[in-house]
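S.K.: pasting the structure only:
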């Protein structure tokens, strides 16, 4: 007498019981009307003879193309403009980050991602550099630093505020506007002084509002210096901030 073999097929989050009299794993799948597609995986292999109390597992395999975008940081470019006074800086062009796109072939088994392979990469948008024009460099002593607004800039002043000020130097991070800080960058509260606003800070000189800080609230600014010693020397002081048109 030939006894039937009890087989259970697991596929599509279901169990299919099958009574099979001999044959292969492939025959059992056909009897249960479980259809294989593309790269589906079957264990044991299709040509394996069935045995009693056997469990056959079918993993559905799907592949699809996906992509991921990454930002490309923009560069800071400085150029000398002799139309500007020494020490004055002016943003000629604001920087914009670029975008690169990586394409992947993702493989899923029963809905779970098991593999991701990069198959290509492209530039969606080239970064736009930030260009800052700078007045010609001069060497001056601290006693020669201009403390008041030059007459040539008086007609450009929109308003003047009194602000508490502190100073900072390099931290290893970019500013809130994405640029590497340099002398002339000032951290502000954007609710008081919008980012990108040109300024003249008493005892500091021409500046641009290009950074923010957690402690910079209301009428308060943080001016940037290239060295820690300069920042320490500045300390904490009250200054007049000329907001330019």
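M.R.: Great, that's in hand. Because the structure is a prediction, the values reported are computed rather than measured.
S.K.: just want the most central residue of the protein.
M.R.: The chain has residue 71 as the residue nearest its centroid, 5.3 Å off, counting by Cα atoms, centre = their mean.
S.K.: pLDDT score for that residue?
M.R.: With respect to pLDDT, residue 71 has a value of 85.
S.K.: and what of residue 47?
M.R.: 92.
S.K.: helix or strand: which one has it?
M.R.: Under DSSP states H and E, no helix or strand contains residue 47.
S.K.: go on, residue 232?
M.R.: Residue 232 belongs to helix 228-234, assigned by DSSP H and E.
S.K.: buried residues, that helix. List them.
M.R.: If you call a residue buried by 16 or more other Cβ atoms under 10 Å, then helix 228-234 has these buried ones: 231, 234. (Each C-beta comes from the backbone N, C-alpha and C, glycine too.)
S.K.: elements contacting it?
M.R.: Secondary-structure packing of helix 228-234 (3 or more Cβ pairs under 8 Å, 6 or more residues apart in numbering; DSSP states H and E): strand 157-168.
S.K.: next one: the strand it packs on to chain centre, how far?
M.R.: Centroid separation for strand 157-168 versus its chain: 31 Å, with Cα atoms, centre = their mean, to the nearest Å.
S.K.: quick one: list the elements packing against the helix or strand following it.
M.R.: Using DSSP H and E, the helix or strand that follows strand 157-168 in sequence is strand 185-187. Secondary-structure packing of strand 185-187 (3+ Cβ pairs under 8 Å, 6+ apart): strand 205-211, strand 220-224.
S.K.: winner for burial among the ones you listed?
M.R.: A comparison of the helices and strands packed on strand 185-187 by mean neighbour count, using mean count of other Cβ atoms under 10 Å, puts strand 205-211 on top with a mean of 24.
S.K.: isn't residue 209 up against residue 191?
M.R.: No - applying Cβ atoms under 8 Å, one finds residue 209 not in contact with residue 191, separated by 11.7 Å.
S.K.: what comes into contact with the helix or strand following the helix holding residue 232?
M.R.: Later in the chain than helix 228-234, the nearest helix or strand by DSSP H and E is strand 237-244. Applying Cβ atoms under 8 Å, 6 or more residues apart in numbering, the contact partners of strand 237-244 are 149, 153, 156-165, 193, 197-204, 221.
S.K.: who does strand 237-244 pair with, and is each partner parallel or antiparallel?
M.R.: Using DSSP bridges, the strands paired with strand 237-244 are strand 157-168 (antiparallel), strand 198-201 (antiparallel).
S.K.: now the first one and strand 220-224, what's the angle there?
M.R.: So that's strand 157-168. Relative orientation of strand 157-168 versus strand 220-224 (axes from the mean of the first three to the mean of the last three Cα atoms, to 10 degrees): 70 degrees.
S.K.: mean confidence score for strand 157-168?
M.R.: For strand 157-168, the mean pLDDT works out to 87.
S.K.: next: stretch 79-93.
M.R.: Per-residue scores along stretch 79-93 average to 76.
S.K.: so what's the gap between it and the chain middle?
M.R.: In terms of Cα atoms, centre = their mean, the centre of stretch 79-93 is set 30 Å apart from its chain centre.
S.K.: re earlier: what lies in contact with the helix holding residue 232?
M.R.: For helix 228-234, the external contacting residues (Cβ under 8 Å, 6+ apart) are 165-169, 204, 223, 225.
S.K.: ok, back up a step: turn the strands paired with strand 237-244 into TSV, including distance to residue 34.
M.R.: TSV is the format used below for the strands paired with strand 237-244 (distance: least, Cβ to Cβ, whole Å):
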stretch	distance to residue 34
strand 157-168	67
strand 198-201	72
